[in-house]
Structures are given as structure tokens and as C-alpha cells.
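Asker: got a sequence here, can you build the structure:
(one chain, ligands or ions: 2)
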Amino acid sequence: MSGLPDVKETSSTCAACPKACRFSCPVSEATQNESLSAWGKMSAVHHVVTGQRPLDADTAAAIHACTGCGRCTSFCSHENPVANTLFGARQHAVSAGLQPRGAASTLATFQQAQNPFGHELGSLVASWRAQRPVRYPLFPGCSSLVKRPALMEQTLTVADAFGAPMGVAKTASKCCGYPLFAAGSFEAFASHARSVAEAFVETPEVAVLDAGCAYTFRKLYPQFGVKFPTRMRTVVEVLHENLPHAPARPPLPERVGYHDACHLGRGLGLYDEPRALLARAVTAIVEAPSMRREAGCSGGGGLVPRTMPETSVEIARRQAAEISEDSNVTVVTGCPTSTRMFERAGRRAIDLVSLLERWVTQT
Ligand code: SF4
Ligand code: SF4
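Answerer: Ligands and ions are numbered 1, 2, ... in the order given. You can find the predicted model right below:
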């Protein structure tokens with residue numbers, strides 16, 4: 001599996017480090033627990049893989065206390081791949097039967113249904129089948145398919161208004177497999193990725209709604225040697241490319257806060273495109289002091305909402321406050337998972353595509 005970190009090597013780099021990124025980890029900050037900093041978790045892994053201490057339940061819990069946000073790597077002069085190292089180390093917890101309950105149940109559901117929701121996705125996709133030829137097959141991601149049908153409807157409306165009609169792809173019944181990766185079940189992830197890539201053989205291009213799925217296809221699959229025949233772009237990229245064809249509407253008279261979702265920003269490097277879309281849709285945008293590559297996390301990744309539910313909500317609460325303490329400022333983000341996390345934290349939040357829909361349909 002080329003491109004995956006060597007757990008022994010990367011964990012020893014952190015163990016020898018004077019905690020240079022100590023302020024960066026949202027889990028450590030939300031729990032006020034330094035042993036859950038990137039340094040603390042990687043040092044624990046180092047001790048286990050070098051045989052200095054056995055893997056116990058506490059260490060297993062610690063290596064699951066990572067959202068995979070990649071923020072520590074942004075502040076690391078070695079660009080040490082902490083998240084993928086910790087996810088790799090989760091395999092040891094699986095083998096030792098020490099996987100936290102939330103992660104184990106997600107894995108069990110996935111093994112049974114091939115997605116983390118336990119739903120049969122084929123019939124859901126069939127109900128969205130396009131009635132006419134479309135320019136872009138849409139891959140919404142199973143989270144939107146199961147939980148946010150309104151977001152899918154809004155995406156289709158905005159795509160039409162931008163002259164880039166989309167229709168839900170047949171292949172949308174496949175989960176990208178990210179939960180398997182986050183659970184440390186790397187062999188199952190590789191096998192799942194191969195089957196997904198095969199399903200896409202006759203699809204030359206797809207617009208992906210969920211930034212986490214797009215990151216998985218574009219960045220994780222290649223690390224597992226899985227080649228993709230399909231051009232995978234995010235809905236944000238497709239809409240940005242078609243922004244010159246967007247209807248001439250005045251911006252909505254609103255002040256919103258923008259959150260760089262981890263997989264969209266640090267994961268795929270998409271910082272300017274969502275901002276350009278947002279700048280057309282509203283009159284005022286506020287941002288957190290730490291943004292783009294250094295942006296905070298909403299707490300939704302790495303199975304943390306399953307393994308540490310209260311911490312994941314606290315991470316979202318802190319990040320929303322970082323963007324604006326004013327609860328009247330709606331948080332806008334380009335990732336459905338982040339939107340849901342901010343809502344769970346009691347903050348008014350909206351997906352970028354939903355806001356664009358309000359902009360293009362205003363009367
Ligand atoms: S990620 Fe980099 S800065 Fe942070 S503890 Fe590891 S080596 Fe040090
Ligand atoms: S990837 Fe994010 S959550 Fe994980 S250790 Fe680094 S900063 Fe913390």
C-alpha cells in the first residue's frame with residue numbers, strides 16, 4: 001500500500017518532538033487533555049509499536065481520539081501525517097479486541113450493509129433517477145442520500161441555474177468506504193475501494209457533493225493502489241467553473257461566517273473556490289482568525305462523533321465561536337458533515353450549496 005505512513009517511523013518523529021504543534025489539536029483543546037494532543041497520541045503509539053508498553057484500553061481510546069482533521073500536520077515542519085498514522089494504528093486495537101464501542105458498531109454495520117447507515121441505498125438512488133439527460137452525474141455521498149434529501153434537491157436546483165445540470169448517478173448507491181478507513185480496517189477498505197472503482201468503469205466524470213467522499217476517492221484510494229478511471233470533482237469545483245453562467249442576482253443582504261471544512265480545505269486544497277461562490281451569494285463574510293490551511297475542525301471526522309460524542313459537539317461549538325461569537329451569524333461550510341456538527345452544537349449552520357439555492361431562487 002504505497003503512500004501510507006510507516007507507523008513506527010512517523011510515531012517516533014513525534015515522540016522525539018518538543019510538542020511543536022501542541023495548540024493545534026481540536027480534541028486535545030476540547031478535552032483540555034494534553035495526552036490527547038497529536039504529540040501525546042503519537043507518543044502512545046510509539047511506545048506500543050516499539051514494545052515499550054502493551055496496547056491497553058486507554059491507549060486504544062487515545063488513538064481513536066482523532067478527527068483526522070490534519071491541522072497538526074499544517075503546523076508541523078516535518079508535515080508528519082499524524083491522522084493516517086493514528087488511523088493505521090487503530091488496526092492494532094481491532095486485532096486486540098480493544099476498539100471503542102462506537103467504532104466497533106460502525107464497522108459491524110458497514111460489514112453488514114456496505115455503508116455506515118445500515119440502509120439499502122439502491123432504492124434511494126432509484127427514486128432520484130434523472131428524467132432527462134444531464135451534464136454531470138452527481139455522487140451525493142450516503143450521508144446526504146440518507147439524511148439530507150433536501151440538500152440533494154438544492155444541489156440539483158443550483159446546478160440547473162448555473163447551466164450545469166446534474167442527476168444522481170447510479171453509482172451513488174456505493175459508499176466511498178471512508179468509515180472503514182477511519183476504523184482502521186485497512187484491508188476491508190482496500191477491497192471495498194477496488195469494488196467501487198470497478199463500478200465506476202463506465203462513468204467518465206462525476207460531481208461529488210460530500211467533501212469527505214471526494215477526499216477519499218482522490219487522496220486515499222491512490223494510497224491503497226486503487227486507480228480510478230473517473231474524473232472526480234467536487235460540486236464546489238463544478239459550480240465554481242460554471243459561476244460565469246450563474247444568474248445575475250443581487251447578493252442576499254446577509255452576514256455569514258465561513259468555515260473551511262477539513263476535507264475540502266486541507267484535504268483537497270479548495271479554499272478560493274467556495275469563497276468565490278459565497279462572495280456572489282451574500283453581502284458580508286466573516287472568518288475565524290485561523291483559516292484555510294490552519295482552520296479549526298468541526299469535530300465530525302475520524303468516527304469521533306461515535307467514539308467521543310460529547311467531545312465532537314464541543315469541538316464544533318468551539319469552532320463556531322472561533323468564527324463568530326455572535327450566534328446570529330450563520331456558519332456556512334462546504335461539507336454536509338460539518339453543517340450537521342454545527343447544528344448539533346446548537347449553532348445556526350447552512351451548507352454552501354443550500355445558501356446558493358436561496359440566492360438563485362430569490363424573488
Ligand atoms: S506532528 Fe510534527 S510538530 Fe506535532 S508532535 Fe508530531 S513531529 Fe511534532
Ligand atoms: S489530525 Fe486533527 S484531531 Fe488528529 S491529532 Fe492532528 S490535530 Fe488532532
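Asker: quick check: mean pLDDT across the helix or strand harbouring residue 10?
Answerer: The secondary structure element spanning residue 10 is helix 7-15 (assigned by DSSP states H and E). Averaged across helix 7-15, pLDDT comes to 96.
Asker: pull out the buried residues from that helix.
Answerer: If you call a residue buried by 16 or more other C-beta atoms under 10 Å, then helix 7-15 has these buried ones: 7, 10, 11, 12, 13, 14, 15. No exception for glycine: its C-beta is placed from N, CA and C like everyone else's.
Asker: would residue 302 count as being in a helix?
Answerer: No - counting by DSSP: H, G, I helix; E, B strand; the rest coil, residue 302 is located in no helix; its state is coil.
Asker: list the contacts of it.
Answerer: By C-beta atoms under 8 Å, 6 or more residues apart in numbering, the contact set of residue 302 is 64, 66, 67, 68, 69, 83, 86, 87, 182.
Asker: with residue 158 instead?
Answerer: By C-beta under 8 Å, 6+ apart, the contact list for residue 158 reads 239, 353, 356, 357, 360.
Asker: for the helix or strand encompassing the first one, the distance to its chain's centre please.
Answerer: Translated: residue 239. Using DSSP H and E, the element containing residue 239 is helix 235-241. Relative to the centre of its chain, helix 235-241 is centred 17 Å away, using C-alpha atoms, centre = their mean, to the nearest Å.
Asker: packing partners for that helix?
Answerer: Judged by 3 or more C-beta pairs under 8 Å, 6 or more residues apart in numbering; DSSP states H and E, helix 235-241 is in contact with helix 149-161, strand 205-208, helix 272-281, helix 352-360.
Asker: contact residues of the chain facing ligand 2?
Answerer: Taking C-beta under 6 Å from any ligand atom as the criterion, the chain approaches ligand 2 at residues 24-27, 38, 41, 66-72, 82-83.
Asker: which of these come close to ligand 1?
Answerer: Taking C-beta under 6 Å from any ligand atom as the test, ligand 1 is in contact with 38, 72, 82 out of the residues of the chain next to ligand 2.
Asker: could I get the contacts of residue 158 as a markdown table with pLDDT, distance to residue 219 and neighbour count?
Answerer: Compiled in a markdown table, the contacts of residue 158 are given as follows (pLDDT from 0 to 100; distance: C-beta to C-beta, whole Å; neighbours: other C-beta atoms under 10 Å):
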| residue | pLDDT | distance to residue 219 | neighbour count |
| --- | --- | --- | --- |
| 239 | 98 | 21 | 26 |
| 353 | 98 | 22 | 26 |
| 356 | 98 | 25 | 28 |
| 357 | 98 | 28 | 23 |
| 360 | 98 | 31 | 18 |
